[in-house]
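Student: Build me a model:
(one chain, ligands or ions: 3)
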Amino acid sequence: MGEHIIGLREGRRVQPLEQPAVIRVLLVEDDREDAILVRGMVALSEPDRFIVVHVDSLTEARHRASAEVFDVLLLDLSLPGLPGLAGLSAAQSAVPGVPIVAMAGPADESLAMMAMDMGAQDYLVKRPGNRLSSARIRRAMERNHDQAVAAVRDARDPVTGLTNRDAFRDALHLARSAADKGDAPFTLMLIDLDRFRAVNEVLGHAGGDQFLRAVAERLERNLPESDVLARLGGDEFAVLAFDTPALEDGANRAQGLLEVLSRPYHLDSHELFVTPSIGITLYPSDAENVDEVMKKAESALFAAKKRGRNNFQWHDPESEPPALERMKLESALRRALDRDEFLLYYQAQVDLASGAVTGTEALLRWDHPQLGLVSPGQFIWLAEETGLIVPIGEWVIETACKQARAWDRSGLPPLRMVVNLSARQFRQPRLVESITATLSRHKLPADRFAVEITEGALMDDTRHTRTALAELREAGVRISIDDFGIGYSSLGYLKRFPVDILKIDQSFVRDLATDPGDQAITRAILALGRGLGLDVVAEGVEQPSQLAFLRAEGCPGVQGYLLSRPKPARQFEAHMRRGVTLPC
Ligand code: C2E
Ligand code: MG
Ligand code: MG
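Tutor: Ligands and ions are numbered 1, 2, ... in the order given. So this is what the prediction gives:
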């Protein structure tokens, strides 16, 4: 790939300026007499301060400069074939990085001055009696140095030191033109983390910055040198990869990043988790220009988020432009509460020893007028991003409590109502009050109510989360850890947080009958539950063989399609009346 692009990744660090004792001048002048004149202007009064090398074309200049170092280039603006400013830009690429003093004859003084605007560091009118002192050349060198530093600074994101959005666009353009010339197709990946805002809220700005740096560092460590890595803003990062020509290579790289990024982050005494989403596109197969490749990557990213995060998606040519799609989804979601489009499905939680249904998990559904029934994986992320999860969550709690009492009145045995809470809801200052008020409004005893939170949400481990959980527990509400066991390292929080129930994640249950690894993890969680005096529920039980294993290992509770699919209230009630039977 073009050096320039790779340079972006490396940070194009500018060496500190060291002023040499003797200044090496490369004089580019095709006119012999002018060359003699200029030599005199430079060196007459300070002969031992300069070494002047004279060449008469830029081709020769390039040649000399590749073999030795020059401190300054004196450039004639009337080289044959390169009139005026064309000569300047040719010189800038022939001898890059070296400060240029543009020279013109007395008739062309204004041209020389214009050269300053075009990036020359000084100008000189070739006229007997004029002098170019060493002090003046040193100032040109300083100016050049400052400009180089500024250029690098302008290309950097100040927080992470990565390439910034503007410079990334430049890199994309360069990559595109290289690809169009026939070499190297490239892969663009957009990465979104769902955490920055939360971290900022919880740990403040300094914490947010620290978090971003940790992410940047991980990305840097896990990507090859040749990739261009940028922070586009917020918690959005981008990668431009040149060595992943096949779909499979891109997929591998994206998968690797997902794994690396979702490991816990340790900041101060906090342990943080992120669920990244990645959208990928290939140039030139997916797009015709830079804008398009960017848009398509955004649409792929959107698709990944919709899948429930922690996954990557390729651009799908069928999908709508992401901004539009997101806007539509967002405004539909905003209206959904008013239009009463949400409903709850209920799924039984069964005591494995007695076969009795002890509780029911309320699972949110959105009955979208055009799309039909939409499952939470498709919209909860957006509800979280927009904050809509707070009023939606209140609706869920309200509806679930009301339903529990309605079933009480209709003579069902008392069930524990279990509701899912997302991390975002935990950051609501009035969460506990709101829950306890709803419970008492419906006269539902607190011990008939439980909340499920994912491990990830707990891991934010803020004083606020801890206090909220402790208060809920104090009020008599049960706390259940959802999706327990998926890849998080520290179990210490089980001691710090008041927890009642562990839910073994479905991914361990899926192959429970055959996979020794899943069996070992399940046994370990059961042992952990016994040791800490916690209840354990295995979720996603679909097959008798899974149930048999869980029974043999003494798992207290189960939940899954095998026993009952999630159902609307009325069907759930009918199902309860018929009775849930456990296959032996
Ligand atoms: P979750 O809390 O882990 O819920 C379990 C998911 O597994 C549910 O998906 C359920 O329908 C599904 N499931 C149950 N039994 C089986 C089975 O035997 N096999 C398989 N393959 N799947 C089974 P659902 O309803 O699509 O919910 C997905 C996630 O959305 C939930 O995962 C939960 O994290 C979130 N969610 C659902 N309702 C709410 C809500 O009211 N508020 C919030 N914040 N999140 C919610
Ligand atoms: Mg749950
Ligand atoms: Mg779960």
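Student: which residues does the residue nearest the centre of the chain contact?
Tutor: For the chain, residue 192 is the residue whose C-alpha lies nearest the centre (Cα atoms, centre = their mean; 2.9 Å). Listed by Cβ atoms under 8 Å, 6 or more residues apart in numbering, the contact partners of residue 192 are 235, 236, 237, 276, 277, 278, 301, 304, 305. Every C-beta, even on glycine, is put in place using the N, C-alpha and C of the backbone.
Student: and the residues you listed, which of them are in helices?
Tutor: The members of the contacts of residue 192 that map onto helices under DSSP state H are 301, 304, 305.
Student: and the second one, what pLDDT?
Tutor: Predicted confidence (pLDDT) at residue 304: the value is 90.
Student: and what of the one 5 residues further on?
Tutor: Model confidence at residue 309, given as pLDDT, is 77.
Student: State the distance from it to residue 511.
Tutor: 23 Å (Cβ to Cβ, to the nearest Å).
Student: mind listing what the one residue in the stretch 301-450 of the chain that gets nearest to ligand 3 touches?
Tutor: Ligand 3 sits closest to residue 420 of the stretch 301-450 of the chain, with a gap of 8.1 Å, by Cβ to the ion. By Cβ under 8 Å, 6+ apart, the residues touching residue 420 are 361, 362, 363, 364, 396, 451, 452, 453, 482.
Student: wait, does the helix or strand harbouring the third one contact ligand 3?
Tutor: Taking DSSP states H and E as the definition, one finds residue 363 inside strand 357-368. No: on the criterion Cβ under 5 Å from the ion, strand 357-368 is out of touch with ligand 3, staying 8.7 Å away.
Student: Buried residues in that strand, which are they?
Tutor: Buried residues in strand 357-368, counted by 16 or more other Cβ atoms under 10 Å: 357, 358, 359, 360, 361, 362, 363, 364, 365, 366, 368.
Student: hmm, who's touching it?
Tutor: Residues from elsewhere that reach strand 357-368 (Cβ under 8 Å, 6+ apart): 332-333, 336, 341-351, 373-376, 379-380, 392, 396, 399-400, 403, 413, 415-420, 450, 452, 557, 559, 566, 572, 576, 580.
Student: show me which of those residues neighbour ligand 2.
Tutor: 420, 452.
Student: Just the ones of the contacts of strand 357-368 in strands?
Tutor: 342-351, 373-374, 416-420, 450, 452, 557 (DSSP state E).
Student: filter those to the buried ones?
Tutor: Here, 16+ other Cβ under 10 Å leaves 342, 344-351, 374, 416-420, 450, 452, 557 buried among the ones in strands among the contacts of strand 357-368.
Student: picking up where we left off before, between residue 309 and residue 511, which has more neighbouring residues?
Tutor: Of the pair residue 309 and residue 511, residue 309 is the one with more neighbours under other Cβ atoms under 10 Å, namely 21 against 13.
Student: circling back: could the buried residues of strand 357-368 go into JSON lines alongside distance to residue 48 and pLDDT?
Tutor: Output for the buried residues of strand 357-368, formatted as JSON lines (distance: Cβ to Cβ, whole Å; pLDDT from 0 to 100):
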{"residue": "357", "distance to residue 48": "98", "pLDDT": "96"}
{"residue": "358", "distance to residue 48": "96", "pLDDT": "95"}
{"residue": "359", "distance to residue 48": "92", "pLDDT": "97"}
{"residue": "360", "distance to residue 48": "93", "pLDDT": "98"}
{"residue": "361", "distance to residue 48": "88", "pLDDT": "98"}
{"residue": "362", "distance to residue 48": "88", "pLDDT": "98"}
{"residue": "363", "distance to residue 48": "86", "pLDDT": "98"}
{"residue": "364", "distance to residue 48": "83", "pLDDT": "97"}
{"residue": "365", "distance to residue 48": "86", "pLDDT": "96"}
{"residue": "366", "distance to residue 48": "83", "pLDDT": "94"}
{"residue": "368", "distance to residue 48": "83", "pLDDT": "90"}
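Student: For the stretch 301-450 of the chain, which residues are neighbours of ligand 2?
Tutor: residue 420.
Student: let me redo that: the chain
Tutor: So the chain meets ligand 2 at 420, 452, 482 (Cβ under 5 Å from the ion).
Student: any low-confidence regions in the chain?
Tutor: 1-15, 183, 319-324, 459-462, 487-490, 584 (pLDDT under 70).
Student: Kindly state the domain boundaries assigned to it.
Tutor: Domain ranges of the chain: 21-154, 165-319, 346-354+389-563, per automatic domain parsing.
Student: Nearest to ligand 1, out of those domains?
Tutor: domain 346-354+389-563 (3.2 Å; Cβ to the nearest ligand atom).
Student: That closest one vs ligand 1: in contact?
Tutor: Yes: Domain 346-354+389-563 is in contact with ligand 1 by Cβ under 6 Å from any ligand atom, via 347, 389, 393, 396, 420-422, 452, 482-483, 506, 539-542, 560-561.
Student: from the chain's centre, how far out does that domain sit?
Tutor: With Cα atoms, centre = their mean, to the nearest Å as the basis, domain 346-354+389-563 stands 29 Å off its chain's centre.
Student: got the end-to-end distance for it?
Tutor: In domain 346-354+389-563, first residue to last residue: 12 Å (Cα to Cα, to the nearest Å).
Student: Repeat that for stretch 420-434.
Tutor: Counting by Cα to Cα, you get 15 Å between the two ends of stretch 420-434.
Student: for stretch 189-199, same thing?
Tutor: 23 Å.
Student: That one close to ligand 1?
Tutor: No: Stretch 189-199 lies apart from ligand 1 when judged by Cβ under 6 Å from any ligand atom; the minimum separation is 13.3 Å.
Student: Quickly list what the residue of the stretch 301-450 of the chain closest to ligand 3 is bridged to.
Tutor: residue 452 (DSSP bridges).
Student: ok, and of the ones in helices among the contacts of residue 192, which contact ligand 1?
Tutor: Counting by Cβ under 6 Å from any ligand atom, nothing from these sits close to ligand 1.
Student: and which of those residues is nearest to ligand 2?
Tutor: Nearest member of the ones in helices among the contacts of residue 192 to ligand 2, counting by Cβ to the ion, is residue 305, at 19.8 Å.
Student: any idea how far the closest one is from residue 328?
Tutor: Using Cβ to Cβ, which is the criterion applied here, residue 305 is 14 Å from residue 328.
Student: repeat for residue 437
Tutor: Distance from residue 437 to residue 328, by Cβ to Cβ: 35 Å.
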